[in-house]
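J.: no sequence for this one, just the structure:
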């Protein structure tokens, strides 16, 4: 089964974390520059908001012009 990942090209991604521990939120956010990688978000909306915030404070104004694209990645 493949899980959807939402990618903002050149900035980062968010999606379902198949390795999330029970009791933690099942979603993650990751920046491609390696400065941020977190899991435990309770919803896709919360993960998306976190990526939007990180993009805004990093001055990635492209976030406001481009919708993240959905990709499929195989679950390990």
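T.: All right, it came through fine. Just so it is clear, the model here is predicted, and its values are computed rather than measured.
J.: Would you map the strands across this structure?
T.: 2-8, 12-16, 25-31, 37-40, 69-74 (DSSP state E).
J.: okay, the ones you listed in CSV with mean neighbour count next?
T.: C-beta coordinates here come from the backbone N, C-alpha and C atoms, glycine included. Listed next are these as CSV, based on neighbours: other Cβ atoms under 10 Å:
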stretch, mean neighbour count
strand 2-8, 16
strand 12-16, 22
strand 25-31, 20
strand 37-40, 15
strand 69-74, 11
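J.: Could you dump the ones you listed into CSV and include mean pLDDT and distance to residue 53?
T.: CSV is the format used below for the strands of the chain (pLDDT from 0 to 100; distance: least, Cβ to Cβ, whole Å):
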stretch, mean pLDDT, distance to residue 53
strand 2-8, 76, 12
strand 12-16, 91, 11
strand 25-31, 93, 10
strand 37-40, 93, 12
strand 69-74, 64, 20
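J.: Let me have those in TSV, adding distance to residue 56 as columns.
T.: Listed next are the strands of the chain as TSV, based on distance: least, Cβ to Cβ, whole Å:
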stretch	distance to residue 56
strand 2-8	12
strand 12-16	12
strand 25-31	13
strand 37-40	16
strand 69-74	19
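J.: To residue 46, which of those lies closest?
T.: Ranking the strands of the chain by proximity to residue 46 (Cβ to Cβ) places strand 25-31 first, at 6.9 Å.
J.: And for the closest one, what's in contact with it?
T.: The contact list for strand 25-31 (Cβ atoms under 8 Å, 6 or more residues apart in numbering) reads 11-17, 20, 36-44, 46-47, 50-51, 54, 58.
J.: What of stretch 35-43?
T.: So stretch 35-43 is in contact with 12, 14, 17, 20, 24-31, 47, 50, 54, going by Cβ under 8 Å, 6+ apart.
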